[in-house]
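[1] my questions concern the predicted model and sequence given below.
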Amino acid sequence: MEYKFEQVKIVGGIGADDEFWRGLERGEFCLPTCASCGTWMWPAHFRCGACGAWEMQWNAIEPRGTIFTWTRSWYAFDRVSERTADVPYVSAVVEIPHAGGARVMGIYEGTDEALRIGVDVVGHILPPSEKTKGYPSIVWRPASSGPVA
Ligand SMILES: [Zn+2]
C-alpha cells in the first residue's frame, strides 16, 4: 500500500511541522529558520520566538548530527503497536550542529557498541509505511558504519 503523509496526517497537531514531513517524502531533511532573522526553529513554530516574524523558510540540509540522548523501549506501547515486532528498539534525539543545535528524534539503527552520547550519526530517510502510521521517517545510523542502501 502506498502512503502519503497528507492522507494520514494526525489530527490535532498544530501543523507547523508539515513541511518537515513533506520534505522527508521528497527525500529531503528540512528544518526551518525564521525568514526575517534566520534563527533556527525546531520544533517548528508558526512565529519566531526571537523576532516575532511569522514567515518561515524551510532549508534542506544534510542529515548529520550527534546523539544528544537516547532510550530503549522494552514495551510495545499501545499508541505505537505497529512497532511491537521491533521491541526492544532505540529512539535517539540527535543534535544537528549546522541547524543551530536543533534536536531531532528518530529510531537508532546500529550496534550497541556505537550507541553513545556524542557519537556522530547520519540520518537515512525511509518511505512512509504502516509501521510509521503512513509518515515518512528518519533513522539514525552511526557515521562510522558507512553508507547503507
Ligand atoms: Zn526571527
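    Cool, got the structure.
[2] distance between the longest strand along the chain and the chain's centre?
    Determined from DSSP state E, the single longest strand within the chain is strand 64-73. Centre-to-centre, strand 64-73 and its host chain are 11 Å apart (CA atoms, centre = their mean, to the nearest Å).
[3] in that strand, what's buried?
    Buried residues in strand 64-73, counted by 16 or more other CB atoms under 10 Å: 64-68, 70. Heads up, the C-betas are built off the backbone N, CA and C, glycines and all.
[4] now the following helix or strand past that strand: buried residues?
    Next helix or strand after strand 64-73 toward the C-terminus (DSSP states H and E): strand 89-96. Residues of strand 89-96 classed as buried: 89-90, 92-96 (neighbour count, 16+ other CB under 10 Å).
[5] could you do stretch 33-45 as well?
    By neighbour count on 16+ other CB under 10 Å, the buried set for stretch 33-45 is 33-34, 40-42, 44.
[6] and for stretch 16-24?
    17, 19-24.
[7] and of the buried residues of strand 64-73, the nearest to the ion?
    The closest of the buried residues of strand 64-73 to the ion turns out to be residue 65 (CB to the ion; 22.6 Å).
[8] give me the beta-bridge partners of the closest one?
    On the basis of DSSP bridges, residue 65 is bridged to residue 121.
[9] report pLDDT for it.
    For residue 65, the model assigns a pLDDT of 98.
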